[in-house]
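*Asks:* Following is a predicted model, sequence given first.
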Amino acid sequence: MAASRFVERLNEQVANEFAASQQYVAAAVFYDARTLPRLAAFFYAQALEERDHAMMMVQYLMDAGADPVISGVADPVTTFEDLVTPVRVALEQEKRVTDQISGLTLVAREENDFQSEGFMQWFLKEQTEEVATMSDLLAVVTRSAENPEAVEHYLAREQSGGEAADPTAPPVAGARG
């Protein structure tokens, strides 16, 4: 059984991950409406990834004998002043999630909940990648704000291959079978 303090915080993080997913949908729709299909596809994929992160946490809670709590989330930002703003919002979000994941890992450590601390290690690695990806995209979008086709070409080049599933990733609730 996971430490009760960790369970409480992980349930909060489930909501944070669903909120992140919603924010990415809002960014995707913004780009989709502006006929920027690569940017839209990138953010739609990010939304699914954040949803999967929430469901990984849900599965861990169930596996640990804890009750997952699926709560509502705040409305995402849906109005953006320019093509750069959604990426800036996304980077701020990834940095915030990194802090949240680090805090969860610390709670597990403080509670001597070694299984939960181990579970969090994958998310720490994932957040390093997410912040780096979003930082790079922000640099490209900022540099190419007046030429969004350059961003589309960047994404076509950098995101061209379908990423293989990470065999070290925690299981996603509902994906078994």
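*Replies:* On my side now, so go ahead.

*Asks:* Around the residue nearest to A26 when sequence neighbours are not counted, count how many other residues there are.
*Replies:* Among residues not flanking A26 along the chain, P76 sits closest, at 4.3 Å (CB to CB, 6 or more residues apart in numbering). (C-beta placed from N, C-alpha, C; glycine too.) For P76, the neighbour count with other CB atoms under 10 Å is 17.

*Asks:* Then Y44?
*Replies:* So Y44, with other CB under 10 Å, has 18 neighbours.

*Asks:* who's in contact with the closest residue to it other than its chain neighbours?
*Replies:* Closest residue in space to Y44, ignoring its immediate chain neighbours: A28 at 4.4 Å, by CB to CB, 6+ apart. Listed by CB atoms under 8 Å, 6 or more residues apart in numbering, the contact partners of A28 are 39-44, 46-47.

*Asks:* Any chance of these in JSON lines with distance to G118, secondary structure and pLDDT as columns?
*Replies:* Supplementary listing: the contacts of A28 in JSON lines, determined by distance: CB to CB, whole Å; DSSP: H, G, I helix; E, B strand; the rest coil; pLDDT from 0 to 100:
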{"residue": "L39", "distance to G118": "36", "secondary structure": "helix", "pLDDT": "98"}
{"residue": "A40", "distance to G118": "36", "secondary structure": "helix", "pLDDT": "98"}
{"residue": "A41", "distance to G118": "33", "secondary structure": "helix", "pLDDT": "97"}
{"residue": "F42", "distance to G118": "31", "secondary structure": "helix", "pLDDT": "98"}
{"residue": "F43", "distance to G118": "31", "secondary structure": "helix", "pLDDT": "98"}
{"residue": "Y44", "distance to G118": "31", "secondary structure": "helix", "pLDDT": "98"}
{"residue": "Q46", "distance to G118": "25", "secondary structure": "helix", "pLDDT": "98"}
{"residue": "A47", "distance to G118": "27", "secondary structure": "helix", "pLDDT": "98"}
